[in-house]
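In: Mind looking at a prediction? Sequence and model below.
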Amino acid sequence: MVTGRKWLDINGDGVRLPKALVDLGFFAQNAKFFFNAYGGQEKWVRAANQDWYFIRPDGSLTRWNNTPNQLTGTVVAQLATRFYRDEYLLVETVNETFLNGWTIELLDATGTVIDASVTMDRDLNNNDSIDPETERGVYQFTVLVSGSYSVREVLQPGFVQSAGPSTVDAAAAYALDQARGLFYTGNYHTNFGGRGENWLRQATGWVYILPDGSVFSWDNNSGGANGLVNGTFLQKLDPSFHTNPQLLSDAVNPEIPLAAGNVVAGPQFGNYQPTTISGRVFEDTNQNGIRGTTELYRNNRIVQLIDRDGNVVRQVRSADVESDGNPGINPNVERGVYQFSDVVPGRYTVRHLLESGELQTAPFSSPYAELAYRVDQQFGLRFTGKFFESFGTNQERFLFADSINAWVYLTKTGDLFRWNPTSGPAPKPLTGTLIARFDGTFYTDPTKLYNAPATSIRTISGGVRNNYDFGYFDIDAAFGDSGLLG
């Protein structure tokens, strides 16, 4: 017998946590993650009941027993290593239900469909009740002849697969994953090489996946500042492997060796419905952040969709979009529209690219807001009660970085450095390693850094985020090219 499950991947990440773990309510303390606090390369999260948990590089999740300086406690789960590499998978996870009514097919060694099963409630423990966590969304096949089999799902309209053996190219993906030792680092580095590609680590070096599904081994030189990425062609897969690279890095062996009479666990299949993010761009001539009836929506404005790692995953231009069914374009309803469709659920930033002499008025933002949030999350910055301006020769302001257990300082120009403890105090100048560059307002108001707000929006399976509008003000148009009155 072959038995497995089917579930709704609400956040589109291709992994599902058991309900018992989700219900613990993991979060990042003060919106900060803590790394390597006790020297085990561990990452820390907190539960709603205030217990601390740490996850090791091997994916083991442990409830800490509060012994100072010791990584001791009770192991509560053995998770995929993806949960370690991408800590957001723990804190952004949600209860994801198992799905009934999906058709799963059983194929023999020749690839011929020999049976089909519809996922449903099954009373597996014969207690005359159904536990939604263990007995919903179950498929089963009874196999009478020993041999090698495989299973695949029949996709329903509007859904995309995110976990399980892919409906297409499953064998090729599994073989490539096994040969290359592919894994997800926690960042797909989308478009680093300028070809819209996603990246995975391999045993030695990197591979990248183009939007058409072509997989290449990187040449270790091209991309970034060195122009378009190049590499050695490895495999042509379906474009779905670019949309959801975990189908490759976590490829499931589609073959199931089975002896008649034995019970074998089949794969779990995850699916989501793509999301949509849309809005409009208007010229905010009175700079109040609200579109007035006389203020015009503008076409040909560049809007970017950015993932939580800072990668630009899509770019579009605002345009006329017919939506009311009437002939012609209504400039008050159908002009200046941008839209990102077929988006994988997740957390994103939407950015309107300003031209020279323009200021954004809606939504209010700083060009450094995204960077500040990412730096704060990475380093766990906090104010200790004093900035210690007198310690440096130029009144540098100090913050403590919990995740690296070290001091950092801000210069008056907004540069953030990791302090070299052998430098200072005044009159001996400070030295350090540059972490990031902001502007002088971050020195004036360091809360913009150590309490940096999230700049992203979050979408879930089938969700629609409309009316995320941008307003801008053109200084040159208002005051002339000099930007001065008169």
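Out: Yep, that arrived.
In: for the residue most central in space within the chain, what are its contacts?
Out: The residue lying closest to the centre of the chain (C-alpha atoms, centre = their mean) is residue 308, at 5.2 Å. Residue 308 sits next to 88, 346, 347, 348, 349, 456 when contact means C-beta atoms under 8 Å, 6 or more residues apart in numbering. To be clear about C-beta, it is placed using only N, CA and C from the backbone, and glycine gets the same treatment.
In: By pLDDT, give me the weakest of those.
Out: Ranked by pLDDT, the contacts of residue 308 bottom out at residue 456 (75).
In: isn't it right next to residue 363, touching?
Out: No - when contacts are counted by C-beta atoms under 8 Å, residue 456 is not listed as touching residue 363 (11.9 Å).
In: All the strands of the stretch 351-486 of the chain, residue numbers only.
Out: 358-362, 381-382, 397-401, 406-410, 415-419, 432-437, 457-459, 464-465, 470-474 (DSSP state E, counting those that start in this stretch).
In: quick one: residue 361 and residue 471 touch, right?
Out: Yes - using C-beta under 8 Å, residue 361 is in contact with residue 471, at 4.3 Å.
In: Of the two, which one has the most company?
Out: Neighbour tally, residue 361 and residue 471, criterion other C-beta atoms under 10 Å: the higher count belongs to residue 471, 26 against 21.
In: so that one touches residue 360, yeah?
Out: Yes - using C-beta under 8 Å, residue 471 makes contact with residue 360 at a distance of 7.1 Å.
In: what's the overlap in contacts for these two?
Out: Common neighbours of residue 471 and residue 360 (C-beta under 8 Å, 6+ apart) do not exist.
In: Count the neighbours of residue 59 for me.
Out: 15.
In: pLDDT value on it, please?
Out: On pLDDT, residue 59 comes in at 92.
In: Can you give me the distance of it to residue 80?
Out: Note on residue 59: its distance to residue 80, by C-beta to C-beta, to the nearest Å, is 6 Å.
In: and what of residue 347?
Out: 20 Å.
In: now residue 268, nearest residue through space, not along the chain?
Out: Nearest non-adjacent residue to residue 268, counting by C-beta to C-beta, 6 or more residues apart in numbering: residue 5, 4.6 Å away.
In: Hmm, that neighbour is touching residue 270, no?
Out: No - Residue 5 is beyond contact range of residue 270, at 9.4 Å (criterion: C-beta under 8 Å).
In: So which of the two has more stuff around it?
Out: residue 270 (27 against 22).
In: who touches the more buried one in this structure?
Out: 7, 8, 9, 14, 15, 16, 96, 161, 162, 163, 164.
In: Could you do residue 453 as well?
Out: The contact partners of residue 453, taken as C-beta under 8 Å, 6+ apart, are 369, 373.
In: Ok, residue 147 next?
Out: 108, 109, 257, 258.
In: on that earlier part again, please, a ChimeraX command that selects the buried ones among the contacts of residue 308?
Out: In ChimeraX, a selection of the buried entries from the contacts of residue 308 looks like this (16 or more other C-beta atoms under 10 Å):
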select :88,346,347,348,349
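In: farthest-separated two in the contacts of residue 308?
Out: Across these, the longest distance by C-beta to C-beta is 14.1 Å; it joins 88 and 349.
In: Could you report the pLDDT at residue 364?
Out: pLDDT for residue 364: 61.
In: go on, residue 484?
Out: At residue 484, pLDDT is 43.
In: what's the answer for residue 403, then?
Out: pLDDT at residue 403 comes out at 81.
In: What's the local residue count around it?
Out: Counted with other C-beta under 10 Å, residue 403 comes out at 18.
In: Kindly report the same for the one 3 residues further on.
Out: Residues contacting residue 406 under the criterion other C-beta under 10 Å number 15.
In: Tell me what it is bridged to.
Out: residue 401 (DSSP bridges).
In: One more: residue 8?
Out: Assessed by DSSP bridges, residue 8 has beta-bridge partners residue 271.
In: quick one: low-confidence parts of the stretch 351-486 of the chain?
Out: 364-366, 454-455, 476-486 (pLDDT under 70).
In: could you pull out the helices for the stretch 251-400 of the chain?
Out: Assigned by DSSP state H, counting those that start in this stretch, the helices in the stretch 251-400 of the chain fall at 369-379.
In: can you give me the strands for the stretch 201-350 of the chain?
Out: Using DSSP E, counting those that start in this stretch, strands in the stretch 201-350 of the chain cover 206-209, 214-218, 231-236, 256-258, 264-265, 269-272, 275-283, 302-307, 312-317, 337-343, 346-352.
In: of all these, which lies closest to residue 171?
Out: strand 231-236 (11.1 Å).
In: nearest spatial neighbour of residue 44, skipping sequence neighbours?
Out: Once flanking residues are discounted, residue 44 sits nearest to residue 34: 4.1 Å by C-beta to C-beta, 6+ apart.
In: Number of residues surrounding the residue lying closest to residue 233 once chain neighbours are set aside?
Out: Once flanking residues are discounted, residue 233 sits nearest to residue 216: 5.6 Å by C-beta to C-beta, 6+ apart. By other C-beta under 10 Å, the residues close to residue 216 number 20.
In: List the beta-bridge partners for residue 216.
Out: With DSSP bridges as the rule, residue 216 is bridged to residue 208, residue 233.
In: Would you check that it makes contact with residue 207?
Out: Yes - using C-beta under 8 Å, residue 216 is in contact with residue 207, at 6.4 Å.
In: between the two, what contacts are shared?
Out: Residues touching both residue 216 and residue 207 by C-beta under 8 Å, 6+ apart: 231, 234.
In: the domain parsing of this structure - what is it?
Out: If you go by automatic domain parsing, the domain ranges for the chain are 17-91, 166-251, 275-365+464-479, 370-450.
In: got these as CSV, with distance to residue 133 columns?
Out: Formatted as CSV, the domains of the chain follow (distance: least, C-beta to C-beta, whole Å):
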stretch, distance to residue 133
domain 17-91, 5
domain 166-251, 22
domain 275-365+464-479, 22
domain 370-450, 32
